[in-house]
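S.K.: Quick one, fold the following:
(chains A and B)
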Amino acid sequence: MREFQYSRASSVSDAVASGATFIAGGTNLLDLMKHEIMSPGRVVDISRLDLDRIEAEGEGLRIGALVRNSDLAADLRVRRDYPVLSRALLAGASGQLRNMATTGGNLLQRTRCPYFYDTATPCNKRDPGTGCSAIGGVSRMNAVLGVSDACIAAHPSDMAVAMMVLDAVVEVEGPAGTRRIPIGAFYRLPGDTPHIETVLEPGDLITAVLLPAPKPGEHRYRKVRDRASYAFALVSVAAVVRMDGDVIGDAALAFGGLAPMPWRVPAAEAALRGQQPSAALFDRAADLALEGAKPQEGNAFKLPLTRRTLAVTLAEACGLEDMQ
Amino acid sequence: MTRHRKIDHPDDDNRLDSMAQGVLGKPVDRLEGPLKVSGLATYAAEARPSGMVHGVLVRATITKGRVTAIDRQAALALPGVLAVITDPRMVRYSAQGMADKGPKAGPQTVDYHGQPIALVVAEGFEQARHAANALHIAYEEEPAPVDPDAVTPEMPQAKQKAQGDLDAAMRDAAFGIDSTYTTPTLMAAAMEPHAAIAEWDGDNVTVRAALQMLASDRKQLADALGIELERVRLLAPYVGGGFGSKLGIAPEAVAAAIAAKELGVPVSVALTRMQEFDITHRRSESRQRVLLAAGADGVLTGIGHEVLVSNLPDSPFSEPVTQATPFTYQAAHRRIVHRIARVHRSCAGSVRAPGEAIGVTVFEAAMDELAEAVGIDPVELRLRNIPDREPGTGRPYSVNRLGDCLREGAHRFGWSQRRAPRERREGEWFIGMGVAAAVRVNMLIESRARVTLTEDGAKVETDMTDIGTGTYTILRQIAAEMLGLPVDAVEVHLGDTDFPPAAGSGGSFGAASSGTSVYLACEDLRTRIAERMGCAEAELRLQDGRASFRNDTRELRDLLAGEVLVAEGHVEPGDAEKQARQATWGAHFAEVAVSRYTGEVRVRRMLGVFACGRILNEKTARSQCLGGMTFGIGMALTEAVEHDPRSGHIVNRDLAAYHLPSHADVPAQDVIFLPDRDGFAGPMQAKGIGELGICGAGGAVLNAIYNARGVRVRDLPATPDKVMP
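M.R.: Numbering: from 1, shown residues only, chains lettered A, B, ... in the order given. Below you'll find the model as predicted:
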């Protein structure tokens, strides 16, 4: 670890004015600093700011950026009105990590691509311009959608996948004031600049995540992983499906483990609307969701696995009894 | 006084069964448990000698070649940095267990990516780590093979075995299986990372380290440092798991000792988790072809086990995959082929039951294939093929309880409820059951211990280690049983080379070997007490601090009359191990659920039935087996090191990416010990336990997956992508 300056922010404006790297739960940043994958010269601790409440706002919820993952998952309003979010949170990390990790920090956690963590290997995300070791290397946990020749890292968050399906809005306090950024516009694909992962600018501080009015219907989060707990998703599917008689009235889908950001495909959702649920329909939705996929040899299994995970998730959400 | 015994003959006296105290075998709580859960037990890295500084090993970032320059000036200019050490005595990897000499020195020659090449020492750990990261190193690189399948392997003559004509047996067989399985590189991944704190006093060095076998570790360290054995003292009172990775000394111990001498202050070198993956021994990946020829009744006529493993070019170790194959099942025609690919991955060594862990697991999966082909029950197939005597040599078995374990396990597990593949379903989940035999060789290793008896109780001293296995507790129970004392009246001191040298912890031989040395010391003390009682040792009854012979009962305190009795026990293996095939036996049963959609596997319950001689402590023995069975789940479902295809280096270098089973992966597990005594193992009739639990456990899980879903996974581990049809 390199030496760094540490201070504690006394207010949001104080934090924003610092232009420093923020630390809250520290579940990811601390590891990254120890391994010198990130070496901020100045770290400002925001963990004592007054951003740890979950409050009603309009028809929705306002979740303070410092609300712990464990508290958010356990919140009665979340469990009742946004169960997909609670389930996604509980599918992530371990109990110890969820007790520390915060809502804002979770959105910003860095990829778990093993080459990003290994400072002896080239990595465009860690050291821009050095190359991508995952291409042609071990790629099991890497992305198949939204990738570029410069980077195939996957976004590791479960929570963010649920936030995506719920159309959450990220509230940001920056040097120029407050912005509200829909989560779909919050992340950036790697392109030639994989080290830039979001639209945040220096000094920007996430202060809250806003959930719009609850989406009616069945909320599902299905995560497939290499062990039953404390493993990142090979594939995850967040689905909110409202049936309208025997046809699908509305459907929202988001995918984890597949892309550099939580992945949403409006065309796949549109294909479901107004249709009778069936294995063939779910397969069609998977075709659309996976359009443009660029798998590596080591993660090509994610395509059939996504297809199957989506099918079983939708079958459950639609109340389809036996799907062959 | 030393009581020495070489185990030349089976000892069927079963003296321990007639002892009066009644504490041996009981589920006594761990002696050191409260210290561990309250943080008072100091592990290797936790000592803080005055003036201590921190060293961090620097790793090579090439696969093979030579270090041509190290820019030490830039590192020395960084805050807190005291030295950049590149002493040619520093070692490239760990010593193999029980080696007399230090491992290969000369870190400037690089054998694998991740190899230590220098030590940076600084006042603070993070300062040292930063300087190690910042160190600029120039190399001269050479091309090197890293893929075991891409090189022509060695076939050492001594490791090949053949009997009869297996090819003919395969041609003539009513049923034949010819299947190839692969297992990945696995890591010990002990909870406590390797660490060493070295401190010199003149020409004598004391090293607190995370080690399993102090007596041979001491020789290795003395050899590596080029000093006399007597000048080295090792301390390892508490070790947070070893699983083979701490059998021999590792680079941090040598580096810490060299740096401490050079700087004149105590130096701590603690590996990070990532360094554990880079530097410590791995279990070699394997490719295993199993050939089985059988008649229409499933009786085997031919057995072939052909394996490919890998290691560095000069390493003497190669994973003994087929170790149990020659004596588990009978067949007239047999062939063992052992190939070693010389590649520049990190050094391979002993990890969690080397050999049988992966060998029995794969062989037992192939046996399941045969049962399916023949159309008989997998338990029955195994029962039909248990030999009367060791095939090939014709030696008797000391005991062979495989059949008993299979029958008892089948009964207790409800094996009769097992259905044909894909027949049992609960919603999304297919349910299946699997069985596998558990087999592991049994070993006794020379061991010494000193027992001191005073009015207040007894004290056991030996350089034996307790690596989380329960050694403190079982040695206490043995001494208490033999001397007729409550367990609280026995102190146990371990992990210090100032004490008599013991077998150490490894190969499941620790408890029986070290325990027998304590037994012998106590036997000597009993003889001396018997003299005072005017009787023969065999006639003496010791219980609750009192000695009795016929109607004469006296307080031990009065018999000692202030005197202190000291005895040393010394056991050595002898001819007994040549006269009979000694092994430990068991049977694993697993029930799994397999998602019909995603291929996810959840183990729902497991049963292990084991026969491994006298059980010294029901609780710690059971814990050992639970751990082994859990590793079996890991081997079957989750654990795999991934090597970079270009450099060979380990890519998934932390416990978030190397998937040991988590709590959610581990179901209800049950362990049954069959009452068992094996006189060939020595006067205690006790045998190894620690490794038996893993041998074959993963096979039961794989076989259950097949029974559930009809999918045969031959490329371990069975992750969802491989099970998903």
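S.K.: Please state the backbone phi and psi of B:E426?
M.R.: phi -130, psi 100 (degrees, to the nearest 10).
S.K.: tell me the contacts of the closest residue to it other than its chain neighbours?
M.R.: Among residues not flanking B:E426 along the chain, B:A593 sits closest, at 7.3 Å (C-beta to C-beta, 6 or more residues apart in numbering or on different chains). The C-beta positions use only the backbone N, C-alpha and C, and glycine is treated the same way. Neighbouring residues of B:A593 by C-beta atoms under 8 Å, 6 or more residues apart in numbering or on different chains: B:426, B:429-431, B:601-602, B:604, B:708.
S.K.: Strands of chain A, residue ranges please.
M.R.: A:5-8, A:21-23, A:42-45, A:54-57, A:60-64, A:169-174, A:177-182, A:205-211, A:218-224, A:235-244, A:247-256 (DSSP state E).
S.K.: wait, I meant the stretch 251-400 of chain B
M.R.: Secondary structure of the stretch 251-400 of chain B (DSSP state E, counting those that start in this stretch): strands located at B:267-270, B:282-283, B:286-294, B:300-311, B:333-342.
S.K.: hmm, back to that, keeping just the C-alphas, turn whichever strand or helix holds the residue nearest to B:E426 into PDB.
M.R.: For B:A593, the element it lies in under DSSP states H and E is strand B:583-595. This file holds the C-alpha atoms of strand B:583-595, laid out as PDB (Å, rounded to 0.1, in the frame of the first residue of the first chain):
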ATOM      1  CA  ALA B 583      -4.700 -49.100   5.400                       C
ATOM      2  CA  THR B 584      -7.700 -47.200   6.700                       C
ATOM      3  CA  TRP B 585     -11.100 -47.900   5.200                       C
ATOM      4  CA  GLY B 586     -14.400 -46.200   4.800                       C
ATOM      5  CA  ALA B 587     -17.400 -45.600   2.600                       C
ATOM      6  CA  HIS B 588     -18.900 -42.300   1.500                       C
ATOM      7  CA  PHE B 589     -22.600 -41.800   0.700                       C
ATOM      8  CA  ALA B 590     -24.000 -38.600  -0.800                       C
ATOM      9  CA  GLU B 591     -27.400 -37.300  -1.800                       C
ATOM     10  CA  VAL B 592     -27.500 -34.400  -4.200                       C
ATOM     11  CA  ALA B 593     -30.000 -32.200  -5.900                       C
ATOM     12  CA  VAL B 594     -29.300 -31.100  -9.400                       C
ATOM     13  CA  SER B 595     -31.200 -28.200 -11.100                       C
END
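S.K.: Report the mean confidence score over it.
M.R.: When pLDDT is averaged over strand B:583-595, the result is 98.
S.K.: So which residues on the stretch 101-250 of chain B come close to chain A?
M.R.: Contact residues (C-beta under 8 Å from any C-beta of the partner chain) of the stretch 101-250 of chain B with chain A: B:113, B:126, B:129-130, B:133.
S.K.: ok, so of these, who is nearest chain A?
M.R.: For those, the closest approach to chain A (C-beta to the nearest C-beta) belongs to B:E126, at 4.3 Å.
S.K.: Chain A contacts on the stretch 251-400 of chain B?
M.R.: Within reach of chain A by C-beta under 8 Å from any C-beta, the stretch 251-400 of chain B has these residues: B:M274.
S.K.: where do the helices sit along the stretch 251-400 of chain B?
M.R.: B:251-263, B:273-279, B:325-328, B:356-374, B:378-383 (DSSP state H, counting those that start in this stretch).
S.K.: In the stretch 201-324 of chain A, mark out all the helices, start to finish.
M.R.: Shown for the stretch 201-324 of chain A, the helices assigned by DSSP H, counting those that start in this stretch span residues A:266-272, A:279-289, A:302-318.
S.K.: Hmm, B:I340 is touching B:L312, no?
M.R.: No. Assessed by C-beta atoms under 8 Å, B:I340 is found out of contact with B:L312, at 10.3 Å.
S.K.: can you give me the helices in the stretch 51-200 of chain B?
M.R.: For the stretch 51-200 of chain B, the helices defined by DSSP H, counting those that start in this stretch occupy B:72-76, B:125-134, B:166-172.
S.K.: Give the other helices and strands that the last one contacts.
M.R.: Applying 3 or more C-beta pairs under 8 Å, 6 or more residues apart in numbering or on different chains; DSSP states H and E, one finds that helix B:166-172 contacts strand B:286-294, strand B:300-311, strand B:333-342.
S.K.: make it 6 Å
M.R.: Counting contacts by 3 or more C-beta pairs under 6 Å, 6 or more residues apart in numbering or on different chains; DSSP states H and E, helix B:166-172 is packed against strand B:300-311, strand B:333-342.
S.K.: Also the second one?
M.R.: Contacts defined by 3+ C-beta pairs under 6 Å, 6+ apart place helix B:125-134 against strand B:53-59, strand B:116-122.
S.K.: give me the element B:G599 is part of.
M.R.: Secondary structure assigned from DSSP H and E places B:G599 in neither a helix nor a strand.
S.K.: What number of residues are in the vicinity of it?
M.R.: Around B:G599 there are 24 other residues, counting by other C-beta atoms under 10 Å in any protein chain shown.
S.K.: What of B:D552?
M.R.: Neighbour count for B:D552, taken as other C-beta under 10 Å: 10.
S.K.: What distance do you get for the residue nearest to it when sequence neighbours are not counted to B:E539?
M.R.: The shortest distance from B:D552 to any non-neighbouring residue, by C-beta to C-beta, 6+ apart, is to B:M533 (6.7 Å). B:M533 sits 8 Å away from B:E539, going by C-beta to C-beta, to the nearest Å.
S.K.: With neighbour numbers in mind, choose between the two.
M.R.: Remark: of B:M533 and B:E539, B:M533 carries more neighbours, 20 against 12, as counted by other C-beta under 10 Å.
S.K.: Kindly state the pLDDT recorded for that one?
M.R.: 97.
S.K.: Test my guess that it contacts B:R546.
M.R.: No. The pair B:M533 / B:R546 is not scored as a contact, 10.7 Å apart, by C-beta atoms under 6 Å.
S.K.: ok, back up a step: neighbour count winner among B:I340 and B:L312?
M.R.: Using other C-beta under 10 Å, the more surrounded residue of B:I340 and B:L312 is B:I340, with 24 against 20.
S.K.: what's the distance between that one and B:S286?
M.R.: Distance from B:I340 to B:S286, by C-beta to C-beta: 11 Å.
S.K.: distance of the closest residue to B:I137 other than its chain neighbours from B:E141?
M.R.: The spatially closest residue to B:I137, leaving aside those adjacent along the chain, is B:I70, at 5.3 Å (C-beta to C-beta, 6+ apart). Look at B:I70 and B:E141: by C-beta to C-beta, they are 15 Å apart.
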